[in-house]
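# Sequence and computational prediction follow.
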Amino acid sequence: MLSLKDIVPAAQNNINTRFILLDKGMITLEGQYKTCLALVADQTAAVHFQLWGDECDAFQPGDIIHLANGIFSYNRNNLVLRAGKRGKAEKVGEFTMAFVETPNMSEIRWIPDPNNSRRYVQEAVISPHSRIFQPML
């Protein structure tokens with residue numbers, strides 16, 4: 001199981017992790033599909049999680065979600081974690097998970113690794129917290 005602080009942008013589905021959904025934005029339409037951006041976190045970091053279709057209605061704040069074969073990549077210029085076409089997000093519990101809201105992995109600028117063009121490395125922190133979802137008090 002991968003901790004959120006250890007995820008890096010990639011083009012393949014291979015992220016297996018568990019997190020709690022903290023906040024969920026408005027549902028919007030992208031073509032014929034519903035989408036919704038959410039803020040999720042585990043005990044190591046937070047990240048923006050893109051919900052698609054039925055996932056928008058299926059998950060609510062407080063849900064603990066297991067993501068199998070997820071992907072961390074750009075969607076409309078935003079770096080988001082998502083299930084993608086081959087991944088699966090499943091509710092496995094509610095409200096009983098320790099979490100932190102910083103660092104937010106979606107608020108980091110990533111660049112190709114100069115030593116390995118197939119990998120990305122952190123270049124700079126854009127914001128320590130989500131600029132979309134305000135930090136909880």
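Thanks, I have the structure now. Numbers count the residues shown, from 1 in each chain.
# which of the residues in the helix or strand containing S117 are buried?
Element membership of S117 [criterion: DSSP states H and E] is strand 116-125. For strand 116-125, the buried set under the neighbour-count rule, 16 or more other C-beta atoms under 10 Å, comprises Y120. Just so you know, the C-beta spots here come from the backbone N, C-alpha and C atoms, and that holds for glycine as well.
# Phi, psi for the residue lying farthest from the centre of the chain please.
Centroid-distance maximum for the chain: N115 at 26.4 Å, with C-alpha atoms, centre = their mean. Per-residue torsions, N115: phi -90, psi -10 (degrees, to the nearest 10).
# Please tell me the pLDDT value assigned to it.
According to the prediction, N115 has pLDDT 86.
# now it: how far from N14?
As for N115, its distance to N14 is 21 Å (criterion: C-beta to C-beta, to the nearest Å).
# again with V40
Where N14 is concerned, V40 sits at a distance of 18 Å (C-beta to C-beta).
# Please say which of the two ends up with more neighbours.
V40 (28 against 13; other C-beta atoms under 10 Å).
# can I assume that one is in contact with D63?
No: with contact defined as C-beta atoms under 8 Å, V40 and D63 do not form a contacting pair (9.4 Å).
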